[in-house]
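[1] got a sequence here, can you model it:
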Amino acid sequence: MKRAIGQSVEVLASAVESLRANPLRSLLTSLGVMIGVAFVSLMGWALRSLDAAWEETLSTLGSDMLYVDKWNWAGGGNWRAAMNRKNITIEQAEEIAVRLRTAELVYFSADAWGQTIATGDRRVGSIVVEGTMAVFAQLPSTTLADGRFFSEIEERSAAPVAVVGDGIVQTLFGGRSPIGETIRIRGRSFTIIGTMPKRGTIFTDFLDRTVYIPLPTFFALYGRHGRSVTIAAKARSTAELDDLRDELTGVVRAVRNVPPGAPDDFAINEAQVFRDQVANIRAVIWSVGIGLTALSFLVGVIGITNVMFVAVVERTKEIGIRRAVGARRSAILAQFLVEAMTLCVAGALVGVVVCSLLVLVIGLAARQSVSFLLPMLPADIVIVAVAISVVVGIVAGFVPALRAARLDPVEALRYEA
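    Residues are numbered from 1 along each chain as shown. Predicted coordinates for the structure are as follows:
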C-alpha cells in the first residue's frame, strides 16, 4: 500500500515538474481546455440563473393562480381570431365570481399599457396602469416595500391613490421613498400610498413599471366600456388547480354563452404558460454551449496529444534509462497519462477562476437590474467541468502514453535527440 502511494506521488511530482519546465508551452497547450471549461461553466451558470428567474416568475404570478383573459399570454394560435373575440366585461366578471365555488379568492383587473406618468417636471413613459381590487393585497405574492395597499373603502369611493412598482421608484424618484408624493396620470393627480419591491423577471419585467390604482378609479380615468377585464382566481391549493381550471372553463363558457362544441372565446392563463419560453431559451443555451464546448475540447485534445507526442520523443532516452533500472511499462504509461491529465486540470482550474471572476463582476454589476443572475458559479458545475477535463486528459494522453510504454529499452537508450 505504502509502495503504491509512494509511486503515485512520484508520478504526480514528475508530471508537475515536466509542466513547470515548459510553462509557456503548457499554458498554450491547455488553452483549448481552459476555453472548453469556461463554456461549460458559463452554460451551467446561465441555466441556473434561468431557473432562478423561472422560480421568481412562479412566486410573483402565483403557482396556484389562474387568469381568465381575452388574450393568451403565451401567444401562438390564431392571432386574428383572438383579436376578434368579444371583450370580457366587468358585468361578466362579476357573474363569474358569483358562480365560482372552488376558488379561494377572486378579483378583477384592467390594464392600460404604454402610459406616461409625471411628477413635477419629471416624466416617465412605457408605464402599465392597472386598475385592481383591494383584495389583491391578500395574495401571498403581494408584498410591499413601503407604505400600504389601498383599502376596500378607497376602492369603492374611487379614491385617487396609487401603489407604484420599483422601476418607477428608481426612475422617477431616484430610489428615495415616494410615499405621500403626487403623480399625474392623464392629467389627474394621484397620491402614492405604497411601493412594491422589485418583482420583475426576464419574463415579467413590466411588473416593475406598473402603477396600481383602484378599479373604479381606473374606469373613471379610462372608461368602463370598450375594454376587456382580467379575472384572477386563486385555488385553495396547487393540488386543486386542475379542479378550479375545469370549473372556471365551464362557468366562463356559460356566462359568455359559448355554444356546445365551439372553441373557447377566452384564454385561461397561468404562470406555467412561460414554460415554453423557458424551454426555448434552454435549448438555445444548450445548443450554443455544447457546440462551442465540444469544439474547444476537440482543439484541446489535438493540442495536448501533439505536445505529449513531442514529450515522448524528447524524453525517449529518459524512458530507456527508467526501463533499464526496472520501471514497468504501466509506470511509464501512468506517468504520461498523469502529465496529460495535469495539463487539463491546470487549464480547467484557470478557466474556473477566470469564469468565477467574470460571473462575480457581472452578477454584482447587474444585480439591481437583473436580480436573478447568480453571483458565483454553482459548485456542482465546477466539479463537472473539472471531471470532464480529466476525461479529456485521459483521451488526449492515452495514445502518446501507450507509445512511450511500448518503447524498446535498448533502442530508447541508443536514441539521440
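[2] for the chain, what spans make up the strands?
    65-69, 103-119, 122-132, 146-147, 161-164, 182-185, 188-195, 210-214, 230-235, 267-269 (DSSP state E).
[3] least confident of the ones you listed, on average?
    Within those, confidence is poorest for strand 267-269, with a mean of 87 (mean pLDDT).
[4] tell me which residues are up against that strand.
    66-74, 82, 245, 248-249, 252 (CB atoms under 8 Å, 6 or more residues apart in numbering). All C-beta atoms are positioned from the backbone trio N, CA, C, and that covers glycine.
[5] among those, which two are most distant?
    Spatially, the most separated pair among the contacts of strand 267-269 is 82 and 245, at 19.1 Å (CB to CB).
[6] just the pLDDT for residue 203.
    As summarised for this prediction, residue 203 has a pLDDT of 69.
[7] hmm, I was thinking of residue 250
    92.
[8] pull the number of nearby residues for it.
    Here the number of neighbours of residue 250 (other CB atoms under 10 Å) works out to 12.
[9] ok, now residue 385?
    Neighbourhood size, residue 385 [other CB under 10 Å]: 26.
[10] pretty sure residue 235 sits against residue 101.
    No. Contact criterion CB atoms under 8 Å: residue 235 and residue 101 do not qualify, at 11.9 Å.
[11] of those two, which one has the most company?
    Of the pair residue 235 and residue 101, residue 235 is the one with more neighbours under other CB under 10 Å, namely 23 against 8.
[12] show me what contacts the more buried one?
    64, 65, 66, 102, 103, 104, 241, 243, 244.
[13] switch the cut-off to 10 Å
    62-66, 102-105, 241-245, 248, 270 (CB atoms under 10 Å, 6 or more residues apart in numbering).
[14] among the residues you listed, name the buried ones.
    Among the contacts of residue 235, those classed as buried by 16 or more other CB atoms under 10 Å are 62, 64, 65, 66, 102, 103, 105, 241, 244, 245, 248, 270.
[15] report the contact partners of the fourth one.
    The contact partners of residue 66, by CB under 10 Å, 6+ apart, come to 103, 106, 231-235, 241, 244-245, 248-249, 268-271.
[16] do the last one as well
    Residue 270 makes contact with 58, 61-67, 73-74, 235, 241, 245, according to CB under 10 Å, 6+ apart.
[17] how close does residue 48 sit to residue 285?
    Counting by CB to CB, to the nearest Å, the gap from residue 48 to residue 285 is 11 Å.
[18] what's the neighbour count on residue 87?
    By other CB under 10 Å, the residues close to residue 87 number 12.
[19] report pLDDT for it.
    Here, the pLDDT recorded for residue 87 equals 89.
[20] mind checking how far residue 251 is from residue 239?
    20 Å.
[21] cool, and residue 327?
    Taking CB to CB, one finds residue 327 at 67 Å from residue 239.
[22] neighbour count: these two, which is higher?
    residue 327 (17 against 9).
[23] which residues touch the more buried one?
    7, 319, 320, 321, 335, 405, 409.
[24] quick one on the thing from earlier: residue 90: which of the contacts of residue 66 is nearest?
    For the contacts of residue 66, the closest approach to residue 90 (CB to CB) belongs to residue 231, at 9.9 Å.
[25] who's that closest one bridged to?
    Beta-bridge partners recorded for residue 231 (DSSP bridges): residue 68, residue 108.
[26] let me see the contact set for it.
    Counting by CB under 10 Å, 6+ apart, residue 231 has contacts 66-69, 88, 90, 92-94, 96-97, 100, 103, 106-109, 248, 251-252, 266, 268.
[27] cool, and residue 180?
    By CB under 10 Å, 6+ apart, the neighbours of residue 180 are 147, 191, 192, 193.
[28] quick check: pLDDT value at it.
    Reading off the model, residue 180 has pLDDT 94.
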